Each structure stands twice: as structure tokens, then as C-alpha cells.
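>>> When you get a sec, could you give me coordinates for this:
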Amino acid sequence: MAANLCDLNDVLLRTPLTGRTWMFGGLLLGWVREGGLMLHDTADADFALLADDADRLEASFDTLEQAGFQHIHRFPGVAGEATEHSFRRAGAKFDFFLLRVHGDRFAYCNY
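Numbers count the residues shown, from 1 in each chain. Alright, predicted model coming up:
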């Protein structure tokens, strides 16, 4: 997972998402609480970005795909506005949650 995260970082630096995402969920918890990846949570990495940057994420799909990050899910589905996109590479999953600002808080969907 650590190598995949390094590669993902390098790929994102070549996209419109540069500086627009941050660690989220278990990935952030592991970094804060344990100083690195939690051993029981090494197959999934969560990231967040503002929903206003959804177009930047979608514009990055080709670059991610070319680097081996396969787009596997779009939530809630084709008919509705996306709230999360998932990619897979080398058996690991990378989730990008689109967060909306509500006052002084973030809101997001979790499936």
C-alpha cells in the first residue's frame, strides 16, 4: 500500500487535482494515531476533496487510468450526482469522497 500511495501522489501531481485532496478516514486515523498505515487497513485508502472540485477529479481519470488506477465505482450511480469515486490498483482500493460545505462543517455520503 505504501508504494501505491507514493505512486498515487506522483500521479495526482500531474493532474488538475494537485493540492486539492487530503487524507481521510482510516488513512488519516492511522497516520495520526499510529504514525503510518494501520496494519488491519492496508487494502483501502480514503481521500476527500470538495464537491466543487468534482470536475477536476473527472478530468484526472485518464491520467489515473494510464498509471494503472482503474476506475471501478461511481456512487450513487449513473443517474445521480457523484458523491464518491473508487479506483483499484494492485489489489488496493482508493476512494475519493466528495465533501460539501454546510456552514462550518463538511457533509459527505458514506456507503
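>>> tell me which residues in stretch 40-47 are buried?
Counting neighbours by 16 or more other C-beta atoms under 10 Å, one finds that the buried residues in stretch 40-47 are Asp41, Thr42, Ala45, Asp46, Phe47. Backbone N, C-alpha and C define where each C-beta goes, glycine included.
>>> Need the pLDDT of Lys93.
With respect to pLDDT, Lys93 scores 96.
>>> residues in contact with the helix or strand hosting it?
Assessed by DSSP states H and E, Lys93 sits inside strand 92-102. Counting contacts by C-beta atoms under 8 Å, 6 or more residues apart in numbering, the residues outside strand 92-102 that touch it are 1, 4, 8, 21, 24-25, 42-51, 53-54, 57, 69, 72, 82-88, 106-110.
>>> what's the weakest-modelled helix or strand in the chain?
The helix or strand with the lowest mean pLDDT-type score in the chain, counting by mean pLDDT, DSSP states H and E, is helix 25-34 (a mean of 88).
>>> So which elements touch it?
Counting by 3 or more C-beta pairs under 8 Å, 6 or more residues apart in numbering; DSSP states H and E, the packing neighbours recorded for helix 25-34 are strand 44-50.
>>> Number of residues surrounding Leu29?
Leu29 has 14 neighbouring residues, counting by other C-beta atoms under 10 Å.
>>> Quick check, pLDDT for the nearest residue to it once chain neighbours are set aside.
Nearest residue to Leu29 in three dimensions, chain neighbours excluded: Met38, at 7.1 Å (C-beta to C-beta, 6 or more residues apart in numbering). Note for Met38: predicted pLDDT of 84.
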